[in-house]
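Novice: have a look at this prediction, sequence included:
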Amino acid sequence: MKAVRPPLFLTLAAAVVAVAIALPLVYLVIRTAGIGGEELWQLISRPRNLMIFVNSAAMAAVVTFFSALISVPLAFLTVRTDLPGRRLWLVLTTLPLAVPSYVGSFTLIATLAPRGSFLQILLEPLGVKELPSIYGWPGVILAITLFTYPYMLLSVRSGLQGLDPSLEEAARSMGYNGRETFFRVILPQLNPSAIAGGLLVALYALRDFGTPSLMRFDAFTRAIFVQYKASFNRNSAAALSLMLVALVLLILWLEYRVRSRAAYYSRGSASGRLPKIVKLGIWKWPAFAFCLLICGLGVALPVGITIFWLMRGLNSGYTFPNLLPAVLNSVLAAGLAAAATIIFALPIAILSVRFPSRITAIIERCSYIGFGVPGIVVALSLVFFGANYLPVLYQTLPMLIFAYLVLFLPQSVGTVRSSLLQVNPQIEESARSLGRSAWQTLTEVTLPLVRPGVLSGAVLVFITAIKELPATMLLAPIGFNTLAVQIWQATENVDFADAAAASLAMLLVSFGSTLLVLSQEKLSSKT
């Protein structure tokens with residue numbers, strides 16, 4: 001049978017993505033070439049660097065595991081059960097994405113540190129003089145898990161909304177009870193969504209800088225930052241970055257091996273019936289307590305601490321700053337980033353699912369590399385190419401959006417791909433047989449069916465881009481101040497009131513965008 005060639009516009013869009021991905025890697029190779037072969041091997045084989053490699057890989061694996069333990073139950077509880085306040089929990093459980101990791105980690109330290117923390121002060125009358133240390137492994141696992149599990153949650157929830165209710169009805173008719181139906185029918189159908197979200201969690205854990213630094217945990221991002229900022233040795237930092245890229249490629253290879261190649265068609269094959277809401281019965285209040293615990297640590301705690309800092313500043317005569325310019329700049333940049341990534345994620349996802357080949361598989365897998373590379377590495381690579389080859393674009397908004405595209409494209413690719421896997425290709429083939437062109441089939445058939453994945457990808461990119469710091473600082477136009485930059489500057493100046501005000505503004509903006517996406521998801525589920 002003759003292979004079907006993909007449409008030209010999909011191929012061209014994928015080529016743009018390939019170029020975008022290549023730039024940071026070319027920069028790292030150029031920088032690393034400045035190191036001699038023997039010196040490079042000594043740097044790579046240094047015991048400390050090997051320990052950092054193991055630490056980073058183990059941290060990513062453990063964080064992904066705990067994120068799955070949180071995300072899959074939360075997705076099912078907020079979509080398919082009679083959980084009290086289900087729609088409210090659906091919003092609250094995604095809000096930890098809006099909390100910058102360095103702010104969230106600092107609030108955890110302020111609450112749980114061995115000495116001088118809020119919890120230690122409360123327990124001191126009971127004879128507790130010192131709490132167990134939160135620094136190192138416990139702190140980094142807790143913090144990164146709390147503020148990254150929504151990546152998997154949004155992906156799994158999008159997949160759950162696309163399942164065909166008739167599959168569960170068939171399982172019930174065969175005598176399966178609720179537990180057996182979940183583990184034998186529903187959970188296997190969620191594999192593509194869970195794996196896509198887990199990949200994002202693992203890569204984010206590798207690229208996060210704020211949490212490992214505050215928790216005193218040796219990870220690649222911390223070592224790379226020290227080389228760039230402390231020793232000004234960009235060649236050594238580039239070599240460490242290539243080690244991190246190698247780890248990212250290893251994770252991508254493992255993800256490809258464990259990812260099921262089976263088809264998961266359901267969206268578009270159902271009769272339009274909504275799935276039945278599961279009655280929790282005696283498990284209603286334990287489920288409620290589970291949601292309360294997760295949101296308490298991931299949302300209420302950071303918000304409460306930042307409000308405490310803000311109120312303390314106001315009581316000391318602090319004047320609330322004018323944050324409107326920073327809010328508008330943040331929304332503009334993050335909104336453009338969300339639109340750009342969706343535009344380029346759709347061709348990548350469609351090529352990988354509908355036109356599988358070695359080339360499309362490589363492009364789709366490599367699109368995840370940028371998300372695993374620290375923002376400072378991507379930003380410096382664009383500074384290098386912009387200053388030397390495209391000075392007209394240096395420190396302009398288009399270059400900043402291009403950096404966001406490189407960094408956050410996988411967030412859209414993963415959610416769109418998992419949704420596309422649930423669309424039976426026979427629906428698109430029927431549209432083509434009825435005379436629709438490839439473009440008409442995409443806009444009139446495919447896009448409406450993968451709308452939940454598109455919306456989830458857009459909100460993921462928006463919320464992540466709005467708190468991106470290194471790329472924004474290095475590439476944004478002069479005077480283009482954002483909330484993330486304002487929070488960082490306030491933290492550098494030990495001005496916690498300013499940091500709290502900007503953090504709360506960021507939370508409000510992200511909360512509004514989440515509500516918008518959830519309302520759109522609700523509408524799409526009714527159509």
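Specialist: Perfect, I can see it now.

Novice: longest single helix anywhere in the protein?
Specialist: Of all segments of type helix in the chain, defined using DSSP state H, the longest is helix 47-80.

Novice: and the helix or strand hosting Ala205, what does it pack against?
Specialist: Under the criterion of DSSP states H and E, Ala205 resides in helix 191-207. Using 3 or more Cβ pairs under 8 Å, 6 or more residues apart in numbering; DSSP states H and E, the elements in contact with helix 191-207 are helix 47-80, helix 137-161, helix 220-225, helix 234-258, helix 369-372, helix 397-420. C-beta here means a position set from N, CA and C on the backbone, and glycine is covered the same way.

Novice: what about the longest helix of the chain, average pLDDT?
Specialist: For helix 47-80, the mean pLDDT works out to 91.

Novice: any idea of the mean pLDDT for the helix or strand following it?
Specialist: Scanning forward in sequence from helix 47-80 by DSSP H and E, the next helix or strand is helix 86-92. Helix 86-92 comes out with an average pLDDT of 84.

Novice: what's helix 86-92 packed up against?
Specialist: Using 3+ Cβ pairs under 8 Å, 6+ apart as the contact test, the elements touching helix 86-92 are helix 47-80, helix 284-295, helix 496-526.

Novice: which positions within it qualify as buried?
Specialist: Judged by neighbour count using 16 or more other Cβ atoms under 10 Å, the buried positions of helix 86-92 are 86, 89-92.

Novice: likewise for stretch 412-427?
Specialist: 412-424, 427.

Novice: which one of those residues sits closest to Leu475?
Specialist: Closest approach to Leu475 among the buried residues of stretch 412-427 (Cβ to Cβ): Ser412, at 20.2 Å.

Novice: check contacts around that closest one.
Specialist: Listed by Cβ atoms under 8 Å, 6 or more residues apart in numbering, the contact partners of Ser412 are 341-342, 344-345, 454, 457-458, 460-461.

Novice: now, the most widely separated pair of those residues?
Specialist: Checking the contacts of Ser412 with Cβ to Cβ, the most distant pair is Phe344 and Leu460, at 14.5 Å.

Novice: mind listing what the closest residue to Tyr318 other than its chain neighbours touches?
Specialist: In this structure, Tyr318 finds its nearest non-sequential neighbour in Ala497, 4.6 Å apart by Cβ to Cβ, 6 or more residues apart in numbering. Each residue near Ala497 by Cβ under 8 Å, 6+ apart is listed here: 309-310, 312-314, 316, 318, 490.

Novice: same deal with Ile294?
Specialist: With contacts defined as Cβ under 8 Å, 6+ apart, Ile294 is in contact with 70, 74, 93, 146, 149.

Novice: just to check, the first one is in contact with Tyr149?
Specialist: So that's Ile70. Yes - in this structure, Ile70 sits in contact with Tyr149. The criterion is Cβ atoms under 8 Å, and the distance is 4.7 Å.

Novice: neighbour count winner among those two?
Specialist: Each of Ile70 and Tyr149 has its neighbours counted (other Cβ atoms under 10 Å); Tyr149 has more, 27 against 20.

Novice: ok, now which ones touch that one?
Specialist: Contacts were defined as Cβ under 8 Å, 6+ apart; by that measure Tyr149 touches 66-67, 70-71, 74, 96, 201, 294, 298.

Novice: the residues you listed into JSON lines, with extra columns for distance to Phe511?
Specialist: Written out in JSON lines, the entries for the contacts of Tyr149 read as follows (distance: Cβ to Cβ, whole Å):
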{"residue": "Phe66", "distance to Phe511": "25"}
{"residue": "Ser67", "distance to Phe511": "21"}
{"residue": "Ile70", "distance to Phe511": "20"}
{"residue": "Ser71", "distance to Phe511": "20"}
{"residue": "Leu74", "distance to Phe511": "18"}
{"residue": "Pro96", "distance to Phe511": "12"}
{"residue": "Val201", "distance to Phe511": "22"}
{"residue": "Ile294", "distance to Phe511": "17"}
{"residue": "Gly298", "distance to Phe511": "13"}
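
Novice: which two among the residues you listed are spaced furthest apart?
Specialist: So, the contacts of Tyr149 by Cβ to Cβ: farthest apart are Val201 and Ile294, at 14.8 Å.

Novice: make JSON lines out of the buried residues of helix 86-92 and add distance to Ala194.
Specialist: Below are those laid out as JSON lines (distance: Cβ to Cβ, whole Å):
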{"residue": "Arg86", "distance to Ala194": "21"}
{"residue": "Trp89", "distance to Ala194": "19"}
{"residue": "Leu90", "distance to Ala194": "18"}
{"residue": "Val91", "distance to Ala194": "21"}
{"residue": "Leu92", "distance to Ala194": "21"}
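
Novice: local confidence estimate at the residue positioned nearest the centre of the chain?
Specialist: For the chain, the residue whose C-alpha lies nearest the mean C-alpha position (Cα atoms, centre = their mean) is Tyr151; its distance is 4.7 Å. Model confidence at Tyr151, expressed as pLDDT, equals 84.

Novice: tell me the contacts of the closest residue to it other than its chain neighbours?
Specialist: Once flanking residues are discounted, Tyr151 sits nearest to Leu200: 4.2 Å by Cβ to Cβ, 6+ apart. With contacts defined as Cβ under 8 Å, 6+ apart, Leu200 is in contact with 148, 151-152, 155, 371, 410-411, 414, 460.

Novice: save the residues you listed as TSV, and put in distance to Asn481 too.
Specialist: TSV is the format used below for the contacts of Leu200 (distance: Cβ to Cβ, whole Å):
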residue	distance to Asn481
Thr148	26
Tyr151	27
Met152	32
Ser155	32
Phe371	25
Pro410	28
Gln411	25
Gly414	31
Leu460	24
